[in-house]
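S.K.: Sequence and computational prediction follow.
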Amino acid sequence: QVQLVESGGGLVQPGGSLRLSCTASGFDLSQWPVSWHRQGLGKESRLMVAGISADGSGIRVVDHVKGRFTIFRDNFNRTVGLEINNLTPDDTAVYYCHINSHHMNVWGKGTLVTVSS
């Protein structure tokens, strides 16, 4: 079964940092471009925040989180990470990793990040 699994979410104070991780089962994650998206609590849409190509040479981070969000991958260990620094309450959301390429369209179940003092 093809699955993406996110981890690393939790409760963090404003100004703190988190590192999220995306792993896969049923296929080789290292062969696919991956993006991270988030859905704020009570919001209907999942918005992309960052994406990375399969070999890691192409990276995109959306403007409003640029400088705080870093996407990276370790193809040897077959993980894709998202580091978030200087967290604010506005970053509170469920974070998802996603593959949408060729015949592959897969979402993980998400990991909740809560930023609160």
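M.R.: Right, received. Where do you want to start?
S.K.: Can you get me a residue count around the residue lying closest to residue 3 once chain neighbours are set aside?
M.R.: Leaving aside its chain neighbours, residue 3 sits nearest to residue 25 (4.7 Å; criterion: CB to CB, 6 or more residues apart in numbering). Every C-beta, even on glycine, is put in place using the N, C-alpha and C of the backbone. Neighbour count of residue 25, defined by other CB atoms under 10 Å: 10.
S.K.: Pull the contacting residues for the residue nearest to the spatial centre of the chain.
M.R.: With distances taken as CA atoms, centre = their mean, residue 36 lies nearest the centre of the chain, 3.3 Å away. Residue 36 makes contact with 20, 22, 48-51, 69, 71, 80, 82, 95-98 under the criterion CB atoms under 8 Å, 6 or more residues apart in numbering.
S.K.: got the buried residues for the strand or helix carrying it?
M.R.: Under the criterion of DSSP states H and E, residue 36 resides in strand 34-39. Using 16 or more other CB atoms under 10 Å as the burial criterion, the residues of strand 34-39 that qualify are 34, 35, 36, 37, 38.
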